[in-house]
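A.B. asks: Got a predicted structure plus its sequence, pasted below:
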Amino acid sequence: MKELLYFSSSDLMIQVSYKEEANSIHYFSHRILSFGERVVVEQYLLTNIAVKTEYYKKHPAMLNYVGIDSNLVKELNQFHLKNTLNTLKKKETVVKDSVKNLIDQSLSNYYFEKIGNTLIEIRRLVTSADDNLKLRSCASRLKELVQAYNMHAESQVTIEEIIPDELKVYLDSD
C-alpha cells in the first residue's frame, strides 16, 4: 500500500507506505517536519492508515519517518495546480450561472413589459372598434410574447391567465 496525503493546515505532502512483511509504516515528506507537524502526521497515520492494515494485529510494529523525498515537491505542485484549476472551474460555473440568471431575469422583465403593452394595445383596439385584422395580429403577437417570457421566467404562465376576462370575448385564445 502506498498513499499520498496532504495536510492543508501546514501545506505538507506526505507519502506513506505499509510493508506487510515487516509490519511497518514508512513515510516521507516533501520538506523537513517540525516536531508539532510530526506529532500530527504520526497521530493521523496511526489512527487512519494503520487501522486499515495488519499494523495493530502483528508484533513488532514500526512507524518510521524516512525523511525528505524531493519527488513529493512535484506531487505537491501538481496537487496545488489541480486544486487551483478546480477552484477556477467552480468560479467559472458560478459566474456563468449568474450571467445566465441575469440575462433570463432581464429578458423575462422585457417580455413581461411587452405583454403588458400588447394587452393595452388590444384594449385600445377593442374600445376603438378598429379592424379585426389588427386585433388578430396583436393576439398572435401576445402568444409569441408569452412563449418568449416562459423561456426566461422562473414561473410559467399561459395566455389564458394573462388575458383579462373582458377581453377574452374578443380574442381567440385557443
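C.D. replies: Yes, it's here. This is a predicted model, so every value here is computed, not measured.
A.B. asks: give me the element Val16 is part of.
C.D. replies: Here Val16, judged by DSSP states H and E, is contained in strand 12-19.
A.B. asks: Let me fix that, I meant to ask about Leu4.
C.D. replies: Using DSSP H and E, Leu4 falls in strand 2-7.
A.B. asks: Run the chain-centre distance for that strand.
C.D. replies: Centre-to-centre, strand 2-7 and its host chain are 26 Å apart (Cα atoms, centre = their mean, to the nearest Å).
A.B. asks: follow-up on the earlier one: now do the strand holding Val16 against strand 2-7, angle only.
C.D. replies: Computed by axes from the mean of the first three to the mean of the last three Cα atoms, to 10 degrees, the angle separating strand 12-19 from strand 2-7 equals 150 degrees.
A.B. asks: which other helices and strands contact the longest helix seen in the chain?
C.D. replies: If you go by DSSP state H, the chain has its longest helix at helix 71-128. With contacts taken as 3 or more Cβ pairs under 8 Å, 6 or more residues apart in numbering; DSSP states H and E, helix 71-128 sits against strand 2-7, strand 12-19, helix 132-152, helix 165-168. Yep, even glycine has a C-beta here, placed from its N, CA and C like the rest.
A.B. asks: For Glu121, find the nearest of the ones you listed.
C.D. replies: Evaluated over the helices and strands packed on helix 71-128, closeness to Glu121 peaks at helix 132-152, with 5.6 Å, by Cβ to Cβ.
A.B. asks: Counting neighbours, show which residues of that closest one come out buried.
C.D. replies: Buried residues in helix 132-152, counted by 16 or more other Cβ atoms under 10 Å: 135, 138-139, 141-143, 145-146, 148-149, 152.
A.B. asks: Then stretch 61-71?
C.D. replies: 61, 65, 69.
A.B. asks: how about the CA coordinates for whatever helix or strand Val66 lives in, as PDB?
C.D. replies: Element membership for Val66, per DSSP H and E: strand 62-68. Extracted C-alpha coordinates of strand 62-68, given in PDB (Å, rounded to 0.1, in the frame of the first residue of the first chain):
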ATOM      1  CA  MET A  62       7.200   0.000  13.400                       C
ATOM      2  CA  LEU A  63       6.400   3.600  12.400                       C
ATOM      3  CA  ASN A  64       9.300   5.200  10.600                       C
ATOM      4  CA  TYR A  65       9.900   8.700   9.300                       C
ATOM      5  CA  VAL A  66      12.300   8.200   6.500                       C
ATOM      6  CA  GLY A  67      13.000  11.800   5.700                       C
ATOM      7  CA  ILE A  68      12.600  14.100   2.700                       C
END
